[in-house]
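S.K.: Here is my input; please provide its structure:
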Amino acid sequence: GVNRKEEKEVEAEKIIEEKSEPSLICPPPPSRSYLPPENIQSSLEALVKEIFGPSIPDNWQQTPLKENKLKYRLLAQLAAELGHAVPNSQLHLMRSAEDVLNFYSTPVKDVSKFDELCAAELPPNLKIIWEK
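M.R.: You can find the predicted model right below:
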């Protein structure tokens, strides 16, 4: 019985040693900026037709997103392809393909309010110095 205990302790030490030290350098935060591709409408239309099949209305933008499984497939695939996901706080607003198209057609700037103020044309008596 003594040998087995020693073997387990040695194995446990090996496992502990193999774990790499956590990196102290934080990765830069992911950029939230998003520029819609030029073909967003046609690629979204093709994706809606592929996922929802022949049941879509004549105007594909009116396709309702009532079935959660299909809605999830559509939004997950778009998020993966475009690197831009619908935030949880806006998921309930995605009721039709048109809502999704509007969301993905809107560019997003990743600029802080301080950067915006520094770039804005301010009155001469107001100056903002923002050191990073």
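S.K.: Return the list of helices and strands in contact with the helix or strand encompassing residue 75.
M.R.: According to DSSP states H and E, residue 75 maps onto helix 68-82. The elements that helix 68-82 packs onto, with contact taken as 3 or more Cβ pairs under 8 Å, 6 or more residues apart in numbering; DSSP states H and E, are helix 40-52, helix 97-105. Bear in mind the C-beta positions are built from the backbone N, C-alpha and C, glycine included.
S.K.: burial measure for the nearest residue to residue 93 once chain neighbours are set aside, as a count.
M.R.: Nearest residue to residue 93 in three dimensions, chain neighbours excluded: residue 99, at 6.1 Å (Cβ to Cβ, 6 or more residues apart in numbering). Number of residues near residue 99 (other Cβ atoms under 10 Å) recorded here: 15.
S.K.: Check the gap between residue 99 and residue 51 for me.
M.R.: 15 Å (Cβ to Cβ, to the nearest Å).
S.K.: Then residue 75?
M.R.: 10 Å.
S.K.: So the residue nearest to residue 93 sits against residue 90, correct?
M.R.: No - Residue 99 is beyond contact range of residue 90, at 9.1 Å (criterion: Cβ atoms under 8 Å).
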